[in-house]
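Let me see the structure of the following:
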Amino acid sequence: MLTQAPPTYLLASPDPALLAALEPVLLASGAKVEIVVSAEAALAALENPRPLALALLDATLPGLDPRMNIDRLLANLRAEETAGRLPIVLISDTVTQQGIDRLAEGVIDDLILRTAEAAYWRLRIEVALRHRHQSRELETLREAQVLNAQFDRLTGVYNREAMLAMLFRETDRVQRMNGTLSLLLLDIDDFGHWNSRLGNDACDELLCQAAARITRLLRSYDILGRPGMDEFLLVLPGCSAVNAAMLAERMRAEVFSSPFRVGGDAIRLSACFGIACSQGRSPVVVLREAEQALQWARTAGPESIQCFGDSPHNSVGPVAFLSPSSGDELLAW
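Residues are numbered from 1 along each chain as shown. Take a look at the predicted model:
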């Protein structure tokens with residue numbers, strides 16, 4: 001069984017009396033103690049990739065360079081966001097307004113007087129460590145909340161808002177690089193029928209399976225989202241309308257021709273596809289063109305593929321509902 005390594009505390013001070021009084025307190029807590037006596041050495045220790053659990057910095061800490069002192073050290077830590085990685089306790093002779101401001105701004109986590117008793121040191125160090133741990137947990141929760149806000153809760157692909165933001169970003173890239181970008185909008189045929197026949201839970205499972213199958217066909221930098229109930233939108237960087245149409249053909253054959261299995265049933269779904277090419281134009285305009293192409297595809301019939309700019313035309317016949325290779329008795333609409 002592996003045992004957890006003890007934490008390492010950095011103690012930076014030129015004061016022998018303070019070092020002699022404080023080091024035993026830190027060692028008694030089960031931590032290792034690294035002692036430095038200059039601002040440069042403290043900065044090097046804090047920038048070292050090995051983990052430190054706590055830094056205690058003496059306000060009188062000198063620098064080998066006359067321009068380097070505790071103020072410059074804290075400024076460097078803040079600029080490099082090093083201070084955000086671990087709690088920092090400032091040791092001072094008095095409580096000054098500058099120290100209070102540093103606490104309020106989050107530059108330091110605590111300010112302790114040099115003359116504090118050993119028991120008080122232990123208490124304040126525990127508080128500083130606990131506060132930083134809680135702050136990290138809160139930051140992690142906030143980041144997770146922001147991340148989750150980008151995704152469709154059901155399928156795990158991007159939601160409409162996130163897709164629009166990414167579409168604007170990719171359009172900017174197309175304009176800068178003079179590249180290509182296509183949108184592929186697909187709609188599962190007659191999904192309302194399946195919702196009435198199978199119920200919400202089964203249809204939710206169908207959408208999740210469809211999203212997973214589509215994802216397997218995409219490149220790492222393609223973007224997949226769900227802007228509507230039974231619609232999926234693909235943003236395809238570096239992809240022409242012809243390439244997007246070829247991808248739609250693959251989806252007809254590899255995503256929708258094989259049965260989906262839900263609750264013991266083998267279900268055959270189909271989809272229509274609308275394609276529009278960006279050419280660096282407004283994402284809103286291109287998205288409307290993809291929607292128009294999708295409407296043409298719906299009119300043409302199940303499994304149709306339509307590209308905006310082409311004359312609307314009827315699609316070729318759909319893939320057979322009864323697959324000779326599966327042998328399943330498929331439910332089909």
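
so L27 makes contact with V33?
Yes - in this structure, L27 is within contact of V33 by C-beta atoms under 8 Å, at 6.0 Å. Where C-beta positions appear, they are placed from N, C-alpha and C, glycine not excepted.

ok, these two, which is more surrounded?
Between L27 and V33, counted using other C-beta atoms under 10 Å, V33 has the larger neighbour count: 18 against 13.

what number of residues lie near the spatially closest residue to A241 that is not a sequence neighbour?
Excluding the flanking residues, the one nearest A241 by C-beta to C-beta, 6 or more residues apart in numbering is C277, at 4.4 Å. Neighbourhood size, C277 [other C-beta under 10 Å]: 22.

The worst-scoring helix or strand of the chain on mean pLDDT: what's the following helix or strand?
When each helix and strand of the chain is scored by mean pLDDT, DSSP states H and E, helix 118-148 comes last, with a mean of 71. Once helix 118-148 ends, the next helix or strand along the chain (criterion: DSSP states H and E) is helix 160-177.

just checking, what packs against that next one?
Applying 3 or more C-beta pairs under 8 Å, 6 or more residues apart in numbering; DSSP states H and E, one finds that helix 160-177 makes contact with strand 181-188, strand 223-228, strand 231-237, helix 283-300.

can you give me the strands in the stretch 201-333 of the chain?
Taking DSSP state E, counting those that start in this stretch, the strands of the stretch 201-333 of the chain run over residues 223-228, 231-237, 260-262, 265-267, 271-277, 305-307.

Just list the residues touching R114, thanks.
The neighbourhood of R114, defined by C-beta atoms under 8 Å, 6 or more residues apart in numbering, consists of 15, 18, 58, 91-93.

Can you flag the buried ones in those residues?
18, 58, 91-92 (16 or more other C-beta atoms under 10 Å).

Am I right that the residue nearest to A241 is in contact with V285?
No - taking contacts as C-beta under 8 Å, C277 lies outside contact range of V285: 11.4 Å.

Distance of C203 relative to L73?
Remark: distance between C203 and L73 (C-beta to C-beta, to the nearest Å) = 60 Å.
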